[in-house]
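Student: next come a sequence and a model predicted from it.
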Protein chains: 2
Amino acid sequence: MEVTSSVELSARPGPPVLDVVAIGNALVDVIATADDELVERLGLVKSAMTLVDLERSRAIYAAMGPTVEISGGSAANTIAGVASLGGRAGFAGKVAEDQFGEVFRHDFTQQDVELDLAVVAPSDGGTGRCHVLVTPDAQRTMATHLGVANTLVPGDLSGALFSRTRLTYLEGYLFDLLPAKQAIRDAIEHTHASDGLVALSLSDSFCVERHRKDFLELVTTQVDVVFANEAEARALFRATDLADALAAFDEAGVLAAVTLGPRGVAVVVPAGTVEVPACEVDIVIDANGAGDLFAAGFLYALARGGDPVEAARLGSICAAEVIVHSGARPVADLAELATAEGLL
Amino acid sequence: MEVTSSVELSARPGPPVLDVVAIGNALVDVIATADDELVERLGLVKSAMTLVDLERSRAIYAAMGPTVEISGGSAANTIAGVASLGGRAGFAGKVAEDQFGEVFRHDFTQQDVELDLAVVAPSDGGTGRCHVLVTPDAQRTMATHLGVANTLVPGDLSGALFSRTRLTYLEGYLFDLLPAKQAIRDAIEHTHASDGLVALSLSDSFCVERHRKDFLELVTTQVDVVFANEAEARALFRATDLADALAAFDEAGVLAAVTLGPRGVAVVVPAGTVEVPACEVDIVIDANGAGDLFAAGFLYALARGGDPVEAARLGSICAAEVIVHSGARPVADLAELATAEGLL
């Protein structure tokens, strides 16, 4: 499979072509520092994302220390990164008509992100929220209450963005929402019908375990680009080591970027696997958003005609920015950073 | 006037004695970076706090970049600092039954701050919010929409905390709320009737201009401790220089701590004026909260029997912690910091 931007989509009549459009859970992150003891006491899986109902969500919030609130959501963070790089980006999802929903919409509107957002009356806790516990080792343990995002159905979205984008990005977490599966299928169909490419993030190794069959089918038949870390890649193929997982991506004929933390990224392309080193950082404050922002740089570079190795380098720069501060959205101007590195 | 903790309040029967109780505006800070051009375009006064109505508040929010939300409010930040120092603290104010109100309550509950909080149905924009624009010079320009805090009346509060505290802390901003004046008078009366001391922050030089007569009367007749920066101190007494303002505090017989930024603090005590140097910091990221956290350290030390110079030193440590990161509430454990400096 070859990734190309040779189709000059922008020459078409109509509204401007978008670089990346994501469909994902619209969440506000509620972030606090915590120790391992609290993570354990709350019954959460360290460094993973656990879905919780409203009652448990309230109990977790009550047990957390003073928090900071900031727009979040995995694919949404990626879109914030694409916009910070100067890309034309879009997001499709669902929020409630409440203050967290207003915060989520505001932050994207300010970044000129085009929205296909269902805004509904608050129910089931309102706009989705992700409680993020950051432990001293900079790992984040997440407990997500999806709120109204849990009821995303195709009728909520106009779907128009997917016909205008070079790349559509799906977060694996969306498969936790049964009604969203049809919305995902529609998004893939609209994208491919307009000669766009579809990318999927495997999100979390537990998420892979929950939806392995769906993910395997997508990766082998419908998706053009896959993002995973080592645990997710191995879980998908039940591979005993990284090499086996990379070989399985190669066999599936998909462009795969497997992030390896400080060891960099393994990029599976038709010619084989290329390793791209991570950007060095002095100290990791909060690993939350590293994968999301890697995807931002990677997707933006692909959308603008970069090759996969250039894309991985840009992804690494974006990931490095987000882990040296609290929160999963970029604080620095990513376009400036990338320009300084000669990548834009 | 002599500040003393010789009255052993904790020997009394009943609920535990509190170190510091504040009455203030319960706000959530909505923080974004901004350039000077935006501050000017929005018609805000650089480095000051401007009160805005709901309509203007919405226009300002719409013009701000992506934001971070965190519990705020000037006196409330001070109380968060007192709690972080290990002090027993209380807060009286008013929020709406909405998500920002929930955030505000949660963060204080987590710090074991006792609350005398009116929680009412959302109206006039709900829980108060302060839009904070942080410019590259680390100055913060604020636009506050008080929301339901604007309607604080004595009937909203039980007032019980003021009879149990060593120190009651009033923020000058409260005088912008006409109905709050009676609540302030009640708080002062309850505090003095229980042998507690009353402290007042002048808040902001424009706030001093708005309420100069009220503030002068309080400072000369009812208040035991005053916090001001140089501009506020000079505005209060229409003094042409700092020395004149310090002399006026001395004449008023009040304990005054006049913060001078990197030049430290001038403390006016009966024996004269003592200068306490500021704590050195590498780089100031966000000056928001410096005055609030200085007051936290100062008040906590006084409540625990420290002399005013020790109090100013603890205040300086707390102020230094809050300016090296974004947001106006402490991130580090202030009790640990103070212990490391030999002050606790």
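Tutor: Received, thanks. Nothing here was measured: the structure is a model prediction, and the numbers come from that model.
Student: center of chain A - which residue?
Tutor: A:Ala75 (3.1 Å; CA atoms, centre = their mean).
Student: might one say that it is in contact with A:Gly172?
Tutor: No. With contact defined as CB atoms under 8 Å, A:Ala75 does not count as touching A:Gly172 (9.4 Å). C-beta here means a position set from N, CA and C on the backbone, and glycine is covered the same way.
Student: residues that sit against both of these two, list them.
Tutor: Taking CB atoms under 8 Å, 6 or more residues apart in numbering or on different chains as the contact rule, the neighbours common to A:Ala75 and A:Gly172 are A:Ser201.
Student: tell me which parts of chain A are close to chain B?
Tutor: Within chain A, the positions near chain B by CB under 8 Å from any CB of the partner chain are A:61-62, A:64-71, A:80, A:98-100, A:103, A:106-107, A:109-111, A:126, A:327, A:329, A:331.
Student: in PyMOL, select just the buried ones from those residues.
Tutor: The PyMOL command for the buried members of the residues of chain A next to chain B (criterion: 16 or more other CB atoms under 10 Å in any protein chain shown) is given here:
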select buried, chain A and resi 61+64+66+67+68+69+70+71+80+98+99+100+103+106+107+110+111+126+327+329+331
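Student: from the residues of chain A next to chain B, which ones fall inside helices?
Tutor: A:61-62, A:80, A:99-100, A:103, A:106-107, A:109-110 (DSSP state H).
Student: now the strands for the stretch 101-250 of chain A?
Tutor: Residue ranges of the strands in the stretch 101-250 of chain A, as given by DSSP state E, counting those that start in this stretch, are A:114-120, A:128-134, A:140-145, A:165-171, A:197-201, A:225-229.
Student: how far does the first one sit from the chain's center?
Tutor: Relative to its chain's centre, strand A:114-120 lies at 18 Å (CA atoms, centre = their mean, to the nearest Å).
Student: cool, and the third one?
Tutor: Averaging C-alpha positions (CA atoms, centre = their mean) puts strand A:140-145 15 Å from its chain's average.
Student: give the partner strands of that strand in its sheet and their orientations.
Tutor: Sheet pairing for strand A:140-145, assigned by DSSP bridges, gives strand A:49-51 (parallel), strand A:128-134 (antiparallel).
Student: rewinding a little: so the residue nearest to the centre of chain A: helix, strand or coil?
Tutor: helix (DSSP: H, G, I helix; E, B strand; the rest coil).
Student: and the gap between it and chain B?
Tutor: 16 Å (CB to the nearest CB, to the nearest Å).
Student: following the lengthiest helix in chain A, which helix or strand shows up next?
Tutor: For chain A, the longest helix by residue count, based on DSSP H, is helix A:308-323. Scanning forward in sequence from helix A:308-323 by DSSP states H and E, the next helix or strand is helix A:334-340.
Student: helices of the stretch 201-344 of chain A, start to end?
Tutor: For the stretch 201-344 of chain A, helices defined by DSSP state H, counting those that start in this stretch occupy the ranges A:205-210, A:212-221, A:230-237, A:242-252, A:290-303, A:308-323, A:334-340.
Student: dump those into CSV; add distance to A:Gly155 as well.
Tutor: Putting the helices of the stretch 201-344 of chain A into CSV (distance: least, CB to CB, whole Å) gives the following:
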stretch, distance to A:Gly155
helix A:205-210, 25
helix A:212-221, 21
helix A:230-237, 31
helix A:242-252, 32
helix A:290-303, 27
helix A:308-323, 34
helix A:334-340, 34
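Student: out of those, which one sits most buried?
Tutor: Comparing these by mean neighbour count (mean count of other CB atoms under 10 Å in any protein chain shown), helix A:290-303 ranks first with a mean of 30.
Student: for it, list the C-alpha coordinates in CSV.
Tutor: C-alpha atoms of helix A:290-303 as CSV (Å, rounded to 0.1, in the frame of the first residue of the first chain):
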residue,chain,number,x,y,z
ALA,A,290,2.0,11.2,23.7
GLY,A,291,0.2,8.7,21.4
ASP,A,292,-2.4,11.2,20.4
LEU,A,293,0.1,13.9,19.5
PHE,A,294,2.3,11.4,17.7
ALA,A,295,-0.7,10.6,15.5
ALA,A,296,-1.3,14.3,14.9
GLY,A,297,2.2,14.9,13.5
PHE,A,298,2.1,11.7,11.5
LEU,A,299,-1.3,12.3,9.9
TYR,A,300,-0.6,15.9,9.1
ALA,A,301,2.7,15.1,7.4
LEU,A,302,0.9,12.3,5.4
ALA,A,303,-1.9,14.6,4.4
